[in-house]
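Colleague: this is the structure alone, sequence omitted:
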């Protein structure tokens, strides 16, 4: 499937603008020069700029003609379609379950699912699905002081 650069760029720019609008509500971290909104804000601003540039390029190349959306051969291959759909499905799973399950469990399950769908063997997939979220936790929770939900592990990590 090919989505025209004009439409795709407009979607990226809109997504970036929505994220920029949302991150302004993030709390300021006392004692630090930057808050939780810095990194998502920088990425969102880049997304807006790149989306606008992509849309302009699409308008110039299309010259008013051309199809906005076209389906390629890969859209008829069920394996590729499942892999494609696994990305938004995994993100949706993480968003809906991370508060209850916690970051570690939700991220590990999501990553394991993606790795298996994309053809990684079971043993390396399990190792990556456990190790990478632990590394991400170290970066976000310990270094950047971004609180991540503990979920089911809260009673294990912080026993009363």
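Modeller: Thanks, I have it. Just so it is clear, the structure is predicted and the values come from calculations on it, not from any experiment. Numbers count the residues shown, from 1 in each chain.

Colleague: what about the helices in this protein?
Modeller: 5-23, 38-62, 78-101, 103-117, 122-137, 154-157 (DSSP state H).

Colleague: centroid residue for the chain?
Modeller: Central residue of the chain (Cα atoms, centre = their mean): residue 91, 6.6 Å from the mean position.

Colleague: which residue packs closest to it, ignoring adjacent ones?
Modeller: residue 110 (7.7 Å; Cβ to Cβ, 6 or more residues apart in numbering). (C-beta placed from N, C-alpha, C; glycine too.)

Colleague: turn the helices of the chain into JSON lines, columns for mean pLDDT and distance to residue 147.
Modeller: Listed next are the helices of the chain as JSON lines, based on pLDDT from 0 to 100; distance: least, Cβ to Cβ, whole Å:
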{"stretch": "helix 5-23", "mean pLDDT": "94", "distance to residue 147": "15"}
{"stretch": "helix 38-62", "mean pLDDT": "92", "distance to residue 147": "14"}
{"stretch": "helix 78-101", "mean pLDDT": "96", "distance to residue 147": "12"}
{"stretch": "helix 103-117", "mean pLDDT": "98", "distance to residue 147": "9"}
{"stretch": "helix 122-137", "mean pLDDT": "97", "distance to residue 147": "11"}
{"stretch": "helix 154-157", "mean pLDDT": "88", "distance to residue 147": "12"}
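
Colleague: those helices: which one's closest to residue 144?
Modeller: Closest to residue 144 of the helices of the chain is helix 38-62 (Cβ to Cβ; 7.8 Å).

Colleague: on that earlier part again, residue 148 is nearest to which of the helices of the chain?
Modeller: Nearest of these to residue 148, taken as Cβ to Cβ: helix 103-117 at 4.0 Å.

Colleague: ok, and what's touching that closest one?
Modeller: 82-83, 86-87, 90-91, 93-94, 97-98, 101, 122, 124-126, 128-130, 132-134, 136-137, 148-153 (Cβ atoms under 8 Å, 6 or more residues apart in numbering).

Colleague: report the buried residues of that helix.
Modeller: For helix 103-117, burial by neighbour count (16 or more other Cβ atoms under 10 Å) applies to 103-115, 117.

Colleague: ok, now stretch 121-141?
Modeller: Neighbour counts over stretch 121-141 (16+ other Cβ under 10 Å) mark 125, 126, 128, 129, 133, 140 as buried.
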